[in-house]
Every structure is written in structure tokens, then in C-alpha cells.
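Novice: I would like the atomic coordinates for the input below:
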Amino acid sequence: MRQKITSGILYGVVHFSVEIASFYLLFSRISSSPIWWALALLFDAVAFLPQGIIGNLTDRYPRCGIGLIGAILMMLALLTPSDIPALCMIALGNAMIHISGANHTLRDCRGSITPNALFVGGGSFGVITGQILGGIGEQLLILIPLCLLIISAFIMESLQRVDSSADKPVSLDICADKSDSLIVLYAFFGVAVRGYIAYAIPTEWNKTVSQTVALFVCMGIGKIMGGILCDRIGYRRTTVFSLLGGLPFLLAGNSNMIVSLIGIALFSMTMPVTIAALASKFPHQPGFAFGITTIGLFIGTMPVFFIRPQSLLAHQIVVLILTAAALPAIITCIQKGK
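Specialist: Numbering: from 1, shown residues only. Next up is the predicted model:
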């Protein structure tokens, strides 16, 4: 148990470092562009969409060192003077390391989703840290993400060297006895809803750097706690607690930071449920399973770049409808009693 938790924490550190590097580049070089929204969308597309393909590759060749390749690509991106090539390189490296972490924490999970939740949750802390570092405008700060990527490469290579589970199937058995396509559809929808709400939920209270930090910290804590709760009280109960418990806080939290943060943390707890369901359905393809969730995140967040409800009431209605639809979809993916 201790070994798999340690592995999850180490990959959480890697994910933290990767997002620092990515968002340092975005906010130190890209965020001032007049087409910032289009470049941010490009980053999301390159970081999220290829993960299914990369995941399928690593499922076939689990010892191919995709994490190390990704870390090297990200370091080169930070040193590349041309913005758009650098953006594409760092996003692709980000995708590779995501798949490396997913493969390791799922294949070595030993029946627990907590290691994967620790890995995924670490990224939220890195996103806001990278934004802050990138916004300072000091060129020497590039040494921080470069050093963190070197450390991450060392961690990934060290873990792979001692990993005896690289070729083993995922030892989770929580997926409902339904067709592959139905499980993919329902889990995909649940992920897309979480992605949309994470970006589109109204937060008029969020006006300072410290408040933005609190928002991302609560997202990360929610993802980690979701994994712990899944292992302690079950996946179905965690889903119900997360969505129904978080809904009133999300609806009422537009102008109240504490209320909103509680809702955001609770809603984030569904992340490990959908990953576990897909990894359980495709135990020999954890990279591909994880890649499905990142595509769902991209599809869910894409509408935010183009259209948002214009009033608070419209926002609340959309959140209510999507949550009401996501709850039965995610529950359907999980075996009764799990």
C-alpha cells in the first residue's frame, strides 16, 4: 500500500512540474498575444486530443520511455524562441507525460484509484504556480521549470527502472457489465460535463491572485479526495456525494468564495470515478482509457472559448441540467455495490 501511494505522490510531483512548465510558457510569452484565446485553444487541443493515440502506443510498448521523451521535448520548447512551435512542443510533451503517469499509476494501482488521483490532482497546483511565475516577467525564472523537468525526468526513469507492473493489466474491477461503447459514451459525457463546469461556473468573487490560487488548490484537493473516498466508501457513493453535494454550493457560490470553493472541490471528486471505470473496462489499455478522459475534457471545455450564458440564472440552469444528466451517466458505468 505504501509503495503505490509513494508512486502516486511522485507522479503528482511530476504532474505539478509539468504544468508549471506549460503555464510558465503560456503566461510568460503567449498570454499577451491579441489572439490569446486561439493559442490557448491550440494548447488544449495539442495537449488533450493526442493522448488516446499516445496511450494506445504505450499500451503496446509500455517500456518505451514516453515520459522521458516528453520531458526532453518540454525542455526544448522552453528554449525555442518561436512562440507557436514552442507552444505545440510543450503541449505535446505535456500529453506524453500525462500518459506516462496514467500508465504507471493505473497498472500499479493494486485495486486502488488513489495513486492515480494523487497523480492527476498534482497538476492543479502546478497550473496556478506556472501562471504566477510566468506573469512575473523575470527571464531567469525559466530556470525553475527547466530544473523541475530535469527532476521529473529522473523520477520517471527511476520509477520505470524498478517497475515490475509495466506489462500487467489494471487490477480494478468496478465497471458495470455493459458494452464498451456504452461505457465510453457515459464516462466521456461525465468527463465533458466536469470539464465544462470547471471552466464555465460563474465566480464573480474571483478577482485576486490569492483567490485564483484558492480555486485551483480546491480543484486539486477535490480530485485527490475523490480517489481516497472511492477507495473508502465506494465509487457510486462518491459520485452521488460529489455531484449532489456540490451542486447547491456551485449554484449559490457566484459571489461567495467559500461556498463556491466547497462546490468546486466536491464536483472535482468525480474525476477518479470516470478514470477508474474506463481503466476497469480496458484493463490492458490504461493509456487509451486515460486518453478518452482527456478528449472528453477538451470537448467539454471547448464551448467556453466560443459561448457562455449571459446571465447568472442561465449559468445556474445550465449547471443544473448538466449535473442532472451527468449523475445517472456516471452511475451507469459502475457496478452495483462498488
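Novice: and stretch 194-213, how far out from the chain middle?
Specialist: With CA atoms, centre = their mean, to the nearest Å as the basis, stretch 194-213 stands 16 Å off its chain's centre.
Novice: where does pLDDT dip in this protein?
Specialist: Scanning the chain for pLDDT under 70 picks out the ranges 1-4, 163-166.
Novice: center of it - which residue?
Specialist: Note on the chain: the residue nearest the mean C-alpha position is Val120, at 5.2 Å, using CA atoms, centre = their mean.
Novice: give me every residue that touches that residue.
Specialist: By CB atoms under 8 Å, 6 or more residues apart in numbering, Val120 lies in contact with His15, Gly101, Lys223, Met271, Pro272, Ile275. The way it works is simple: take the backbone N, C-alpha and C, and place the C-beta from them, glycine included.
Novice: please redo it, this time with the cut-off set to 10 Å
Specialist: By CB atoms under 10 Å, 6 or more residues apart in numbering, the residues touching Val120 are 8, 11-12, 15, 98, 101-102, 105, 113, 220, 223-224, 226-227, 268, 271-272, 275, 290, 293.
Novice: which ones among those are found in helices?
Specialist: Mapping the contacts of Val120 onto helices (DSSP state H) picks out 8, 11-12, 15, 98, 101-102, 105, 220, 223-224, 226-227, 271-272, 275, 290, 293.
Novice: can you list the domain ranges for this structure.
Specialist: Using automatic domain parsing, the domains assigned to the chain come out as 2-162, 180-333.
Novice: now the ones you listed in CSV, with distance to Pro169?
Specialist: Shown next, in CSV, are the domains of the chain (distance: least, CB to CB, whole Å):
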stretch, distance to Pro169
domain 2-162, 7
domain 180-333, 4
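Novice: centre of the chain to stretch 129-146, how far?
Specialist: 22 Å.
Novice: and for stretch 190-199?
Specialist: Taking CA atoms, centre = their mean, one finds the center of stretch 190-199 at 11 Å from the center of the full chain.
Novice: just stretch 203-219 next, same as before
Specialist: Here the centre of stretch 203-219 is set off from its chain's centre by 18 Å, with CA atoms, centre = their mean.
Novice: now it - C-alpha only, CSV.
Specialist: Extracted in CSV, the C-alpha atoms of stretch 203-219 (Å, rounded to 0.1, in the frame of the first residue of the first chain):
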residue,chain,number,x,y,z
THR,A,203,-17.2,33.1,-10.0
GLU,A,204,-17.6,36.8,-9.7
TRP,A,205,-15.7,36.6,-6.4
ASN,A,206,-12.5,35.6,-8.2
LYS,A,207,-10.7,39.0,-8.5
THR,A,208,-7.3,38.5,-6.9
VAL,A,209,-4.3,36.2,-7.4
SER,A,210,-4.8,34.6,-3.9
GLN,A,211,-8.5,33.8,-4.8
THR,A,212,-7.4,32.2,-8.0
VAL,A,213,-4.8,30.2,-6.1
ALA,A,214,-7.6,29.0,-3.7
LEU,A,215,-9.7,27.9,-6.7
PHE,A,216,-7.0,25.7,-8.2
VAL,A,217,-6.0,24.4,-4.8
CYS,A,218,-9.5,23.3,-4.1
MET,A,219,-9.7,21.6,-7.6
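Novice: name the element Gly135 belongs to?
Specialist: Take DSSP states H and E as the rule and Gly135 turns out to sit in helix 114-136.
Novice: buried stuff in that helix?
Specialist: If you call a residue buried by 16 or more other CB atoms under 10 Å, then helix 114-136 has these buried ones: 114-134.
Novice: cool, and stretch 284-300?
Specialist: By neighbour count on 16+ other CB under 10 Å, the buried set for stretch 284-300 is 285-300.
Novice: and those, which is closest to Gly67?
Specialist: Gly287 (11.5 Å; CB to CB).
Novice: mind checking the SS state of that closest one?
Specialist: With DSSP: H, G, I helix; E, B strand; the rest coil as the basis, Gly287 sits in helix.
Novice: dihedrals phi and psi, Ile334?
Specialist: Per-residue torsions, Ile334: phi -110, psi 140 (degrees, to the nearest 10).
Novice: er, Gly234 actually
Specialist: According to degrees, to the nearest 10, Gly234 has phi 110, psi 160.
Novice: same deal with Cys175?
Specialist: Main-chain torsions, Cys175, degrees, to the nearest 10: phi -80, psi 140.
Novice: look up the closest residue to it, ignoring the ones flanking it.
Specialist: Using CB to CB, 6 or more residues apart in numbering and skipping the chain neighbours, the partner closest in space to Cys175 is Ser280 (3.8 Å).
Novice: was I right to think the one you found contacts Asp180?
Specialist: No. With contact defined as CB atoms under 10 Å, Ser280 does not reach Asp180; the gap is 11.6 Å.
Novice: looking at those two, which one has more neighbours?
Specialist: Ser280 (25 against 11; other CB atoms under 10 Å).
Novice: mind listing what the more buried one touches?
Specialist: Contact analysis of Ser280 by CB under 10 Å, 6+ apart lists 106, 113, 170-176, 183, 235, 286, 289, 333-335, 338.
Novice: quick one: it from Leu229, how far?
Specialist: In this view, Ser280 and Leu229 are 17 Å apart by CB to CB, to the nearest Å.
Novice: ditto for Cys88
Specialist: 37 Å.
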